[in-house]
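Asks: Compute the structure for the input listed below.
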Amino acid sequence: MSEATSSREQVVLLAPAAGAATDVGRFRSVNEDGYLAAAPAFIVVDGMGGHALGRAATQKALDALAPLSGTCITDQGTVVDAVVAAGEAVAAIPSESSHRPGATIAGVVAADLPEGRTWIVLNIGDARVYLRRSGALRQVTRDHSQVQALIDARLLTPAEARRDPRRNVVTRALGAGISGPAVPDIHLLPIEAGDRLLVCSDGLSDELDDETLDTILSAGADAQRTAEHAVAAALEAGGHDNVTALVVDAPAEPEEAGFEATDTAGAGGEESRTGGRRAPENPENGTGHQR
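Replies: The predicted structure follows:
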């Protein structure tokens, strides 16, 4: 048996413990958020385009991402290809409106790469991934948004950006009339014992600051209850948008203990009041689209 064959046979499906929660929010009639939480893929999709189109964008994206579930991921190209396919599926949705359906996306995939067990973190738009490791929380992804560009240019502080009226204008998305393939930003992080990741839509991160998120993630609850607590806190803080949270936990000893199997999927919550987003007017010049 060759060394390559032996190594391939040792590849395993990584299935971290995970929890998921979503809510339509207090001021929306339709939940355009959706999520995939089926090992090894944990992904949030935030549809836009208004009611039916936003829901359709979310579902088309999730359908394209579904093949990641139950798959032993051994290279990041598999993840990138799935996201590109999701972008193509959203772009193909017919619409008579000038505002094309689209979606933002963020997620984490547990992979068995040649260099070791790795979190493949991905995003397009302003859905986010946070990592809590060794007692500290940090945002892994970088928003593709107007206010993030202004922060980078030192024209806004992060605190000012949270109140800026342009905070919901994103500059990259799946579909939404944006030409070219939807290639996500990718971050590779070695899986470490005790890692806890939060994947969320902007409806959660817009309502809760990092200190509040850290308090929720470090409270000692399991992944499912932590996701539910995060969504409840966002609703309590205002609930101005659809809210979705996935919490993903590495086991105490990821290189020795088996990962706990998980298999849940969702495509948004029940209808309640009003809502939807507008597609980008001109993403090429940075005007982005208003949510």
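
Asks: biggest strand in the chain, by residue count?
Replies: Among the elements of the chain assigned as strand by DSSP state E, the one spanning the most residues is strand 102-113.

Asks: Give the pairing partners of that strand; include direction for each.
Replies: According to DSSP bridges, strand 102-113 forms sheet pairs with strand 41-48 (antiparallel), strand 116-124 (antiparallel), strand 174-175 (antiparallel).

Asks: quick one: which of these has the weakest pLDDT on average?
Replies: Note on these: strand 174-175 shows the lowest mean pLDDT, a mean of 92.

Asks: coming back round to it: for the longest strand of the chain, list every residue counted as buried.
Replies: Residues of strand 102-113 classed as buried: 102, 103, 104, 105, 106, 107, 108, 109, 110, 111, 112 (neighbour count, 16 or more other CB atoms under 10 Å). No exception for glycine: its C-beta is placed from N, CA and C like everyone else's.

Asks: Repeat that for stretch 123-133.
Replies: Using 16+ other CB under 10 Å as the test for burial, stretch 123-133 gives 123, 124, 125, 126, 127, 128, 129, 130, 131, 132.

Asks: Mind checking which of those residues are in strands?
Replies: Judged by DSSP E, the buried residues of stretch 123-133 include 123, 124, 128, 129, 130, 131, 132 as members of strands.

Asks: which one of those is nearest residue 168?
Replies: For those, the minimum distance to residue 168 (CB to CB) is 13.6 Å, reached by residue 128.

Asks: Report the separation between that closest one and residue 105.
Replies: 11 Å (CB to CB, to the nearest Å).

Asks: do residue 118 as well
Replies: For residue 118, the distance to residue 105 (CB to CB) stands at 19 Å.

Asks: ok so, going back, any chance of the strands paired with strand 102-113 in TSV, plus distance to residue 61?
Replies: Putting the strands paired with strand 102-113 into TSV (distance: least, CB to CB, whole Å) gives the following:
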stretch	distance to residue 61
strand 41-48	5
strand 116-124	10
strand 174-175	6
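
Asks: Can you say which of these is packed in most?
Replies: For the strands paired with strand 102-113, the largest average neighbour count (mean count of other CB atoms under 10 Å) is found in strand 41-48, namely a mean of 31.

Asks: What lies in contact with whichever helix or strand comes after that strand?
Replies: Reading on from strand 41-48 to the C-terminus, the next helix or strand found by DSSP states H and E is helix 51-65. For helix 51-65, contacts defined as CB atoms under 8 Å, 6 or more residues apart in numbering pick out 29-36, 41, 43, 45-49, 82-83, 85-90, 92-93, 95, 97, 101-103, 105, 174-175, 265, 267-268, 275-277.
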